[in-house]
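K.L.:
The following comprises the amino acid sequence and a computationally predicted model.
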Amino acid sequence: MMIPVASPAMGGNGREAGSERSSSETPELEARPSPAASMTTVPELAYAEFVAALKDALRDFHSPDLLARNPLLRGGISNLGALATPLDLKELLSKTVSTLFSNPRDEKLRRVIELTYFQPAPKQEAVADRLSLSFGTYRRYLTTARDRLARWLWENWRGARPGQDLPSTADLVANGEGPKSEAAASASSDEPPAPRLSLVILPFVNISGAEKVDHVANGITETLMTDLSRSSGLFVISRSTACAYKDKAIDARQIGRELGVRYVLEGSVQNAGNRIRINAQLVDAESGAHLWAERFDKQCADLFEIQDEVTTRLARNIHVELIAAESRRAAREHPDRLDAIDHTLHGRAAWNHHLSLNAARQARRFFETAVRLDEHNFDALLGVADCHMWEVNMYASNDRAGQIRAAEAAAAKALALVPDSADAHVTYGTVLFAMRLPERALREFNFAVSLDSNLATAHAYLGLMKFFLGRSRETRAHVEEAIRLSPRDPLLFHWHFFVGVADVYLGRVVRGVDRLRKSVEINPNWGLSQFVLAGALALAGLLAEAAEVCAIARSLAPNFTIAKFRGEVPSDNPVYLAQREHFYRGLRLASVPEG
């Protein structure tokens, strides 16, 4: 790959102190012919558009599907040729950066670009630490390096006169010449774009002033940072950086600009007598809008227990809210150029919102698209498996064997990528019980708990496996632990269903009906819970209501029949099968189709 001759480092607003070189220091490179002839049939890009396209190309360096649509590849760089591929563009950018910043005085500029854009999934704060730069200095270096790169490429590939006074990216914004999309706007701003799902957790404020409350506030802040840093896809600013803002009244938008994050979590702790109140708010760092808030009122008994309970709940809720916010942002700001991460966020947002058969299928389409774009996307692989298993395990699949195979393949690949992921072991456990292997599934869920004792879904599925293994009396304790850990979880309706169906099988029909009612009140869109509620109501003698609920259930899952329910039994445990036989009677009384 040949590279155009480098011009001397620029002065003016593209210059970095200490980075100038004389013409005698310019690397000797093979010159390219004038692009004029090859550009005759290609629409010219304005400089602002060129800068935006270059920034997109750097940001999308590891997304070939997006690079293929980049204007630089479609004619913005004349010497790539009509048949150039994303790999050609990547090679050209990489070699150009290496050449442009080859002078030893420019080493930090080169490393800033290479570590930020050319390394897989870099975290900007980690890059700054690696280069021994403050975060603000790192961002200034990145802006300068990108600006110099844009100017040099423009001069050499678009025929501009060397030394021509081109506007800086800041000038483009000031003059209103930058493109209007979110990606292009970030390219034409003074600062690099904040990473998706990027968050700073500000030190929680001790309103009361009591020393013991100070310990709780610090503990909540540190534990939240630890828990959220372990969440896949999240970029959390370190404690040392966040603590610089302790006890300072600074607008969230300024913090977002200084740290390069999209979201700010702030909170307070207050003590009055024997009670303690904890508040938390999630703020959009770009607009300053409050996205979500939560409050906890607790008795001051065991402060460590309070700290653990609060942080576990907050971590799960914040993760869900961040996914929803990023999904809305992608749909709003660049709906025509979604990458694998955007599709994954859309899938998980659909999964978290009133899950139904249609929602699961919609989520699966998003996850499958993400996997097609990036076959090593861990979160998307888990999503594919989860959605297949949701359809299979609610007796709604028209290709049970095929969906189990697809889910098993996706879950196995995710585990190969991240063997110590508790979430991946939970997903694989759901595949195992769909394969009628509840004992192995139980071991998988136990292993997930050993990896992450605060993973609510693992505790809930432990309860379900005990149900399948004829140990229904143990189900409630496991599910109650899941609810304690995540009382507002998107899957809360599912967990109430676990307890309700276990009670019904144990003959505690009235208690079971109460839990099943709660399940359908939280989420009325899940067909299986409606069918099971109909059967339980019939066993309780409430036949008219059972018939009404059955009609709702049939509209949600029209292919559900007693024969399908019997034929896809997930366990051969004799106690469980005997309890199930009694429940078939309730389904018949509720007028569920025999099949």
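P.N.:
Sure thing, it's come through.
K.L.:
does Arg585 really touch Ala536, like I thought?
P.N.:
No. The pair Arg585 and Ala536 fails to qualify as a contact (C-beta atoms under 8 Å) at a distance of 11.4 Å. (Glycine included, C-beta is placed from N, CA and C.)
K.L.:
Which one of the two is surrounded by more residues?
P.N.:
A direct count of neighbours by other C-beta atoms under 10 Å for Arg585 and Ala536 places Ala536 higher, at 30 against 12.
K.L.:
what kind of secondary structure is that one in?
P.N.:
When classified by DSSP: H, G, I helix; E, B strand; the rest coil, Ala536 comes out as helix.
K.L.:
what's the answer for Leu265, then?
P.N.:
For Leu265, the assignment made with three-state DSSP gives strand.
K.L.:
tell me, what's touching Arg585 and Ala536 both at once?
P.N.:
Here Arg585 and Ala536 share no contacting residue, scored by C-beta atoms under 8 Å, 6 or more residues apart in numbering.
K.L.:
quick one: the helices in the stretch 51-200 of the chain?
P.N.:
64-67, 86-100, 107-113, 124-130, 135-157, 169-174, 182-187 (DSSP state H, counting those that start in this stretch).
K.L.:
Reformat these as JSON lines; add mean pLDDT and distance to Leu282.
P.N.:
Shown next, in JSON lines, are the helices of the stretch 51-200 of the chain (pLDDT from 0 to 100; distance: least, C-beta to C-beta, whole Å):
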{"stretch": "helix 64-67", "mean pLDDT": "81", "distance to Leu282": "28"}
{"stretch": "helix 86-100", "mean pLDDT": "87", "distance to Leu282": "36"}
{"stretch": "helix 107-113", "mean pLDDT": "87", "distance to Leu282": "30"}
{"stretch": "helix 124-130", "mean pLDDT": "75", "distance to Leu282": "20"}
{"stretch": "helix 135-157", "mean pLDDT": "81", "distance to Leu282": "21"}
{"stretch": "helix 169-174", "mean pLDDT": "47", "distance to Leu282": "28"}
{"stretch": "helix 182-187", "mean pLDDT": "39", "distance to Leu282": "20"}
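K.L.:
For these, give me TSV that also has distance to Leu577 and mean neighbour count.
P.N.:
As requested, those are exported to TSV (distance: least, C-beta to C-beta, whole Å; neighbours: other C-beta atoms under 10 Å):
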stretch	distance to Leu577	mean neighbour count
helix 64-67	49	18
helix 86-100	55	18
helix 107-113	64	20
helix 124-130	54	19
helix 135-157	61	21
helix 169-174	69	18
helix 182-187	56	19
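K.L.:
Which one of the ones you listed lies nearest to Ala325?
P.N.:
helix 182-187 (13.7 Å; C-beta to C-beta).
K.L.:
Please point out which parts of the helix ranked longest in the chain sit buried.
P.N.:
Counting by DSSP state H, the longest helix found in the chain is helix 303-333. Neighbour counts over helix 303-333 (16 or more other C-beta atoms under 10 Å) mark 306-327, 329-330 as buried.
K.L.:
Just want the angle from the very next helix or strand once past that helix to helix 303-333.
P.N.:
For helix 303-333, the following helix or strand on the C-terminal side (DSSP states H and E) is helix 340-352. Here the directions of helix 340-352 and helix 303-333 differ by 120 degrees (axes from the mean of the first three to the mean of the last three C-alpha atoms, to 10 degrees).
K.L.:
Determine how far helix 340-352 lies from the middle of the whole chain.
P.N.:
7 Å (C-alpha atoms, centre = their mean, to the nearest Å).
K.L.:
So which elements touch it?
P.N.:
Packing partners of helix 340-352 (3 or more C-beta pairs under 8 Å, 6 or more residues apart in numbering; DSSP states H and E): helix 303-333, helix 357-373, helix 378-393.
K.L.:
Count the residues that sit near Asp420.
P.N.:
10.
K.L.:
Quick one: classify it as helix, strand or coil.
P.N.:
Three-state call for Asp420 (three-state DSSP): coil.
K.L.:
dump the residue contacts of the residue nearest to it when sequence neighbours are not counted.
P.N.:
Once flanking residues are discounted, Asp420 sits nearest to Leu451: 6.1 Å by C-beta to C-beta, 6 or more residues apart in numbering. Contact partners of Leu451, counting by C-beta under 8 Å, 6+ apart, are 420-422, 425.
K.L.:
Give the buried subset of the residues you listed as a ChimeraX selection command.
P.N.:
Buried residues within these, by 16+ other C-beta under 10 Å, are selected in ChimeraX with:
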select :421,422,425
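K.L.:
one step back: include distance to Leu202 when you put the helices of the stretch 51-200 of the chain into a markdown table, please.
P.N.:
What follows is the helices of the stretch 51-200 of the chain, written out as a markdown table (distance: least, C-beta to C-beta, whole Å):
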| stretch | distance to Leu202 |
| --- | --- |
| helix 64-67 | 33 |
| helix 86-100 | 35 |
| helix 107-113 | 27 |
| helix 124-130 | 15 |
| helix 135-157 | 15 |
| helix 169-174 | 28 |
| helix 182-187 | 24 |
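K.L.:
Of all those helices, which one is nearest Trp390?
P.N.:
Comparing the helices of the stretch 51-200 of the chain by C-beta to C-beta, helix 64-67 comes nearest, at 27.1 Å.
K.L.:
How about the contacts made by Val510?
P.N.:
Contact analysis of Val510 by C-beta under 8 Å, 6+ apart lists Ala540.
K.L.:
Out of the helices of the stretch 51-200 of the chain, which is closest to Asp399?
P.N.:
helix 64-67 (28.1 Å).
K.L.:
how far is that closest one from where the chain is centred?
P.N.:
Worked out by C-alpha atoms, centre = their mean, helix 64-67 lies 20 Å from the chain centre.
K.L.:
Just the residues contacting that helix, thanks.
P.N.:
Applying C-beta under 8 Å, 6+ apart, the contact partners of helix 64-67 are 56-57, 60-61, 73, 86-87, 89-90, 337, 339-340, 373.
K.L.:
List the residues that contact the residue lying closest to Glu568 once chain neighbours are set aside.
P.N.:
Distances taken as C-beta to C-beta, 6+ apart put Tyr395 closest to Glu568, at 5.8 Å, once the chain neighbours are dropped. By C-beta under 8 Å, 6+ apart, Tyr395 lies in contact with 528, 557, 560, 564-565, 568.
K.L.:
The residues you listed in strands, which ones?
P.N.:
If you go by DSSP state E, the contacts of Tyr395 have nothing in strands.
K.L.:
And those residues, which two are furthest apart?
P.N.:
Greatest spacing in the contacts of Tyr395, by C-beta to C-beta: Ala557 and Glu568 (12.9 Å).
K.L.:
Which one of these two is surrounded by more residues?
P.N.:
Each of Ala557 and Glu568 has its neighbours counted (other C-beta under 10 Å); Ala557 has more, 19 against 14.
K.L.:
can I assume the more buried one is in contact with Asn398?
P.N.:
No. With contact taken as C-beta under 8 Å, Ala557 and Asn398 are classed as non-touching, separated by 11.7 Å.
K.L.:
so what secondary structure elements neighbour the helix or strand where Thr221 lies?
P.N.:
In this assignment (DSSP H and E), Thr221 forms part of helix 211-229. Helix 211-229 makes packing contacts with strand 198-201, strand 205-206, strand 235-236, helix 239-242, strand 263-272, strand 275-284, helix 303-333 when contacts are defined by 3+ C-beta pairs under 8 Å, 6+ apart.
K.L.:
just so I know, which of these lies nearest Thr116?
P.N.:
Of the helices and strands packed on helix 211-229, nearest to Thr116 by C-beta to C-beta is strand 235-236, at 12.8 Å.
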